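S.K.: Sequence and predicted structure are below.
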Amino acid sequence: MEWTLADTAAIVRSPDASDDKYSRGVVGMRTGSDAYPGAAVLGVEAAWRAGAGMVRYVGPRRAEELVLQRRPETVLGTGRVQAWVVGSGMDAATRTPEDTEALRRILAADEPVVVDAGALDLAEPGAHAWVVTPHAGEHARLRARLGLPETGEADDERAASALETASVLGAVVVLKGAVTIVAEPGGWATAISIAPPWLATAGAGDVLAGAIGAVVAGTPTADPAVLARRAAAGVWLHAQAASVAAGALPPRGGPITALEVASCLPHAVAQVVGSVPRAE
Ligand SMILES: NC(=O)C1=CN([C@@H]2O[C@H](COP(=O)(O)OP(=O)(O)OC[C@H]3O[C@@H](n4cnc5c(N)ncnc54)[C@H](OP(=O)(O)O)[C@@H]3O)[C@@H](O)[C@H]2O)[C@@H](O)CC1
Ligand SMILES: Nc1ncnc2c1ncn2[C@@H]1O[C@H](COP(=O)(O)OP(=O)(O)O)[C@@H](O)[C@H]1O
């Protein structure tokens, strides 16, 4: 049930001579708001550092400016993408009607979508190429809206409730926590428990959404069973990056920030692709 480095290595590949920026995957991000522009920066940074070939960002002017300050590589505005990340740093209560309409269009499109934070209220049952990424509070709200009962905090209860939510929603569920559960509508689930508790820090979830977006965009798929394994690989890279960031502070690790976790994603990717023998 525990997702491993070897599982991740079966999904995350290093680019070869035949690759270009498009074949490596373009991630589109509609995240951030005037209240939370930093969430946009964190997700964009994570998508780049997890291996996207290109990141397109759409959001308010201030968030655009901050994104470009941190990552001038980012392309502003819409265009063709292989996967979307939406909702991080947005608030359903204060979202503009234009934002809501744009989110609905993205959710209805063919490309896979990572649905985080302030877009979770738009998730309705159906058959979707979505990866929804609630923390415990957001999962409780989502379940209440879907008419599902309250559940407990024990690991087996969390796994069972994530599977139930995935089945009713028709989408992959990434239930975040010290142990993160990834569940898909077909009944498969896995757990990632290697993250250090230092990862419990503001913005870590925004980084996770960007990292999953990059892994999904690398080989996009609408099949929830495949999508779930790509999401699990993204969760593993994020947890491993947090271990690298915290582990640089001996002997038991030390406080890390979300941006540092994003910065350590390349170390996690390098460890994964380096674990696979090179084809001669
Ligand atoms: N730098 C930036 O721009 C940052 C921007 N950010 C953005 O901020 C937005 C709001 O996100 P948010 O998670 O802070 O608030 P929200 O989802 O409304 O939760 C409300 C209630 O839910 C509960 N609860 C919360 N977490 C829980 C947990 N882990 N486990 C269990 N319960 C939990 C808790 O209620 P309690 O259980 O304590 O009664 C809490 O009061 C979002 O868009 C995000 O992307 C952040 O990422 C930070 C960095
Ligand atoms: N005790 C913990 N140990 C390890 N990882 C944790 C712990 N608590 C939370 N996390 C991880 O930290 C991240 C927090 O995400 P989230 O709750 O969305 O925060 P934010 O909204 O501030 O970004 C998730 O990836 C979650 O799995």
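M.R.: In hand now; what should we look at? Numbers count the residues shown, from 1 in each chain. Ligands and ions are numbered 1, 2, ... in the order given.
S.K.: Could you use CA atoms for every contact and neighbour count after this?
M.R.: OK.
S.K.: Return the residues in contact with the closest residue in space to R70 that isn't next to it in sequence.
M.R.: Spatial nearest neighbour of R70, chain neighbours left out: V41 (7.1 Å); criterion: CA to CA, 6 or more residues apart in numbering. Remark: with contacts taken as CA atoms under 8 Å, 6 or more residues apart in numbering, V41 is in contact with 63, 66-67, 70.
S.K.: Just list the residues touching the one residue in the chain that gets nearest to ligand 1, thanks.
M.R.: Nearest to ligand 1, among the residues of the chain, is G89, at 3.3 Å (CA to the nearest ligand atom). By CA under 8 Å, 6+ apart, the contact list for G89 reads 31-33, 35-40, 117-118, 206.
S.K.: need the helices for the stretch 1-150 of the chain, in chain order.
M.R.: Remark: helices assigned in the stretch 1-150 of the chain by DSSP state H, counting those that start in this stretch are 5-9, 37-49, 61-70, 97-108, 136-145.
S.K.: A258: neighbour count?
M.R.: If you count neighbours by other CA atoms under 10 Å, A258 ends up with 24.
S.K.: What values do phi and psi take at it?
M.R.: Backbone geometry at A258, expressed as degrees, to the nearest 10, gives phi -60, psi -40.
S.K.: Does it touch L208 like I think?
M.R.: No: assessed by CA atoms under 8 Å, A258 is found out of contact with L208, at 9.4 Å.
S.K.: sorry, back to before: for the contacts of G89, give me a markdown table that also has distance to G254, neighbour count and pLDDT.
M.R.: Listed next are these as a markdown table, based on distance: CA to CA, whole Å; neighbours: other CA atoms under 10 Å; pLDDT from 0 to 100:
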| residue | distance to G254 | neighbour count | pLDDT |
| --- | --- | --- | --- |
| T31 | 29 | 33 | 98 |
| G32 | 28 | 29 | 98 |
| S33 | 30 | 25 | 97 |
| A35 | 29 | 13 | 97 |
| Y36 | 26 | 16 | 98 |
| P37 | 26 | 23 | 98 |
| G38 | 23 | 22 | 98 |
| A39 | 23 | 26 | 98 |
| A40 | 25 | 32 | 98 |
| A117 | 27 | 22 | 98 |
| G118 | 30 | 21 | 98 |
| D206 | 21 | 30 | 98 |
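S.K.: Excluding covalently adjacent residues, which one is nearest to whatever residue of the stretch 1-150 of the chain ends up closest to ligand 2?
M.R.: Nearest residue of the stretch 1-150 of the chain to ligand 2: H135, at 4.9 Å (CA to the nearest ligand atom). Leaving aside its chain neighbours, H135 sits nearest to K176 (4.7 Å; criterion: CA to CA, 6+ apart).
S.K.: A195 too?
M.R.: Using CA to CA, 6+ apart, the closest residue to A195 is A239 (4.3 Å).
S.K.: What parts of the stretch 51-200 of the chain come near ligand 2?
M.R.: Neighbours of ligand 2 within the stretch 51-200 of the chain, by CA under 6 Å from any ligand atom: 135, 176-178, 180, 195-197, 199-200.
S.K.: so which of the helices of the stretch 1-150 of the chain gets nearest A232?
M.R.: Closest to A232 of the helices of the stretch 1-150 of the chain, according to CA to CA: helix 5-9, at 7.7 Å.
S.K.: Which residues in that closest one does the neighbour count mark as buried?
M.R.: 5, 7-9 (16 or more other CA atoms under 10 Å).
S.K.: Columns pLDDT and distance to P15 on top of these, output as CSV?
M.R.: Shown next, in CSV, are the buried residues of helix 5-9 (pLDDT from 0 to 100; distance: CA to CA, whole Å):
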residue, pLDDT, distance to P15
L5, 97, 18
D7, 98, 18
T8, 98, 15
A9, 97, 13
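S.K.: looking at the contacts of V41, which has the most residues close by?
M.R.: Ranking the contacts of V41 using other CA under 10 Å puts V67 first, with 26 neighbours.
S.K.: Show the contacting residues for that residue.
M.R.: Counting by CA under 8 Å, 6+ apart, V67 touches 40-41, 44, 74.
S.K.: Just want to check the distance between it and G28.
M.R.: Using CA to CA, to the nearest Å, we find V67 at a distance of 13 Å from G28.
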